[in-house]
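Peer 1: sequence below, structure please.
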Amino acid sequence: MSLINFFTNDGLFSDFDRLFDDAYARRAQGGSVQPQGSAPRLLRPRVDVHEDKEKNLVTATFELPGLNKENVSIDVHNNLLTVSGESKFESENNEDGYLLRERRLGRFSRSVPVPEGIKAEEIKASLENGVLTVTYPRAVAEQAPKKITIS
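Peer 2: The predicted model follows:
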């Protein structure tokens, strides 16, 4: 299974998506667009996928800063592993008469394909320091042929 066809890790396609988002936002807002570098309109965690053919293992690493396991859900359906959740981040800094309050709220979802035949119990996940690591077999182990006796 080749993973290269399925992933666009915030490269060319994210720029393409951003162009369309900006164009529609500009049209809806009468010409104004949210400046580059301001708060994100859409939460889209970065994902890295590594395939180890020797160990028959795929590792998908999702960046989820500020989230804990209670805010993240992992589902497998129709050969897609979907990581979704909700970010509720709020910080306040009051210094020398200046007040800075930031919020990052919203839902997110990212999906990666899994090989056919992978069972949910074969998928392992851990979340540490805002990095979710999900591992699963690269391919289902082929069963040895079974000899059937004729009765």
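Peer 1: was I right to think Val49 contacts Phe62?
Peer 2: No - with contacts counted by Cβ atoms under 8 Å, Val49 stays clear of Phe62, the gap being 9.9 Å. Heads up, the C-betas are built off the backbone N, CA and C, glycines and all.
Peer 1: show me which of those two is the more surrounded one.
Peer 2: Comparing Val49 with Phe62 by other Cβ atoms under 10 Å, the one with more neighbours is Phe62, at 24 against 17.
Peer 1: check which helix or strand the closest residue in space to that one that isn't next to it in sequence maps to.
Peer 2: Counting by Cβ to Cβ, 6 or more residues apart in numbering, Phe62 lies nearest to Leu132, which is 4.2 Å off, once chain neighbours are set aside. In this structure, Leu132 is located in strand 131-137 according to DSSP states H and E.
Peer 1: for the residue nearest to Phe62, list the residues it contacts.
Peer 2: Residues in contact with Leu132, defined by Cβ atoms under 8 Å, 6 or more residues apart in numbering, are 61-62, 64, 72, 83, 125-126.
Peer 1: how many neighbours does the closest residue to His50 other than its chain neighbours have?
Peer 2: Nearest residue to His50 in three dimensions, chain neighbours excluded: Thr59, at 4.8 Å (Cβ to Cβ, 6+ apart). Thr59 has 16 neighbours, counted by other Cβ under 10 Å.
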